[in-house]
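K.L.:
I'll drop the sequence and a predicted model, then ask my questions.
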Amino acid sequence: MANNEELKLYNSMTQQKEVFKPQIPGKVSMYVCGVTSYDFSHLGHARAAVAFDILLRYLQHLGYEVTYVRNFTDIDDKIIRRANKLGEDPLTLSSWFCEEYLVDITELQCLVPTHQPRVTDHMEQIKDMITQRLENNRVGERVAVDSRKHNPADFALWKAAKPGDPSWESPWGPGRLGWHIECSAMSAHYLTFKFDIHGGGIDLIFPHHENEIAQSCAACEESSVSYWLHNGHVTNNNEKMSKSLGNFFTICQITERYYPLALRHFLISAHYRSPLNYFVLQLEGASDAVFYIYHTLQDCEEALLPFQEESLTEGSGQNGDMVAIAADAQRCISRLREEFETKMSDDLNTSPLLTGAFQEALKLINSSLGMLISLCICTFIENRAVARKSHDFKKSDQIRTGLSAKGIALMDVGKETVWRPCIPVEKEEQATTVVEELMLLPQSASS
């Protein structure tokens, strides 16, 4: 384990936080319900993808070997209706939207799952599970009136084919699966009937996950999932964002206007189980926050570049002397590490991590950069002085030219060399070129 904190996760089944203990030490098996691919994915889908990507990354950080399965529902009534409306083949349409989803969440920096099964590729496993259930003479329970049912509490495992709809041969005639059986079959196929974590959106608790449990237990009495995790809705004006309500924004609509990591920042700004209300101002704030983080990192890179060019080893100075980490920096690092481990181990509490010690670390970095930049420039000045003293004027000129290109002008004043900010040489040359071109333009008759 990477820290001393016990990872606790909120189990929707027991409705309490529980210490996470995988069934096989050092290994984690996780299944997450993916999208139904009949349209572009919206912010609700992005939140589920990011929430379980955070879990995946933290489990890996703790040293676990994770088998992560996330499925695609690429055939169902919604897909067929959408395809008929557009005059498309349902399977071609759903396949295309599956690929678009992958593009979207790749932009959100989500890691690729171990397996990404599609329903239509697993019809044999689905039919085998239905057969197991029928042989065990056990079915699900969901009340709905239908004259074809032996019991009003039964729900459909296999739907009879309708004219023109995609269908597959089965012992019960041509047709296709009922919705809930797919995840029972695919999770068992990739992870066995016993695995650690089953996740999805909170709206899947009923009926989908409850029916999954009924089906899996009917097929195998020893079926069990240790932890059920569910992420909260993304809302729009405090109403659930969904395709059926028509009040959603697609991932690509947002990432056309904002950097994808700004959207990821927004999605983890609230606890994954809490509702997250969509506001443009919040996205603007997330965009500013991400810019600040990356700008700080870029400034660090540029400030440390001279030391990297000198091939200094970690913790050592130019003369081989050890360089100690400043006490305030060490305290900041320790507090950041402690806060990260404490909050993440407490049911992935990402929200406080975006403020608190993390922001203090960024402030400390930025306050230190000014001193570091001055130190870097002084190092160059010293190297130039040594070169001039040994009559290595080529190296001396190279140092001066290199600093000029970065916006730093060196001036020799008596026996001292001082520096001041200036326009980087390349930009200055570009500006001069533009002025010269303007001077060559024909003047108007009025001038």
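P.N.:
Perfect, I can see it now. What you are looking at is a predicted structure, and each value in this text was computed from that prediction instead of being measured.
K.L.:
which stretches of the stretch 301-447 of the chain form strands?
P.N.:
408-413, 416-421 (DSSP state E, counting those that start in this stretch).
K.L.:
and the nearest residue to residue 222 once chain neighbours are set aside, how far is that from residue 331?
P.N.:
If you skip the residues right next to it in sequence, residue 222 has residue 193 as its closest partner in space, 6.1 Å away by C-beta to C-beta, 6 or more residues apart in numbering. No exception for glycine: its C-beta is placed from N, CA and C like everyone else's. Taking C-beta to C-beta, to the nearest Å as the criterion, residue 193 is separated from residue 331 by 49 Å.
K.L.:
now swap in residue 98 and tell me
P.N.:
Look at residue 98 and residue 331: by C-beta to C-beta, they are 48 Å apart.
K.L.:
do residue 71 as well
P.N.:
Distance, residue 71 to residue 331, by C-beta to C-beta: 46 Å.
K.L.:
more neighbours, the two?
P.N.:
residue 71 (23 against 14; other C-beta atoms under 10 Å).
K.L.:
so what's the more buried one up against?
P.N.:
In this structure, residue 71 makes contact with 31-34, 116-119, 182-183, 186, judged by C-beta atoms under 8 Å, 6 or more residues apart in numbering.
K.L.:
return the distance of it relative to residue 374.
P.N.:
The spacing between residue 71 and residue 374, counted by C-beta to C-beta, is 56 Å.
K.L.:
likewise residue 352?
P.N.:
Look at residue 352 and residue 374: by C-beta to C-beta, they are 34 Å apart.
K.L.:
which of the two has more neighbours?
P.N.:
In this view residue 352 and residue 374 are compared by other C-beta under 10 Å, and residue 352 has more residues nearby, 15 against 12.
K.L.:
pretty sure the more buried one sits against residue 342.
P.N.:
No. Checked against C-beta atoms under 8 Å, the pair residue 352 and residue 342 is beyond contact range at 9.3 Å.
K.L.:
quick one, helices of the stretch 251-400 of the chain?
P.N.:
Secondary structure of the stretch 251-400 of the chain, counting by DSSP state H, counting those that start in this stretch: helices at 251-255, 260-267, 280-309, 327-345, 356-389, 393-405.
K.L.:
want to try JSON lines for the contacts of residue 71, with pLDDT, distance to residue 94 and secondary structure as columns?
P.N.:
Formatted as JSON lines, the entries for the contacts of residue 71 read as follows, by pLDDT from 0 to 100; distance: C-beta to C-beta, whole Å; DSSP: H, G, I helix; E, B strand; the rest coil:
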{"residue": "31", "pLDDT": "98", "distance to residue 94": "20", "secondary structure": "strand"}
{"residue": "32", "pLDDT": "98", "distance to residue 94": "19", "secondary structure": "strand"}
{"residue": "33", "pLDDT": "98", "distance to residue 94": "16", "secondary structure": "coil"}
{"residue": "34", "pLDDT": "98", "distance to residue 94": "12", "secondary structure": "coil"}
{"residue": "116", "pLDDT": "98", "distance to residue 94": "14", "secondary structure": "coil"}
{"residue": "117", "pLDDT": "98", "distance to residue 94": "14", "secondary structure": "coil"}
{"residue": "118", "pLDDT": "98", "distance to residue 94": "8", "secondary structure": "strand"}
{"residue": "119", "pLDDT": "98", "distance to residue 94": "9", "secondary structure": "helix"}
{"residue": "182", "pLDDT": "96", "distance to residue 94": "13", "secondary structure": "helix"}
{"residue": "183", "pLDDT": "96", "distance to residue 94": "16", "secondary structure": "helix"}
{"residue": "186", "pLDDT": "98", "distance to residue 94": "16", "secondary structure": "helix"}
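K.L.:
which of those residues lies closest to residue 363?
P.N.:
Of all those, residue 32 has the smallest distance to residue 363: 36.5 Å, by C-beta to C-beta.
K.L.:
if you tally nearby residues, what's the number for that closest one?
P.N.:
Residues within reach of residue 32, counting by other C-beta under 10 Å, total 25.
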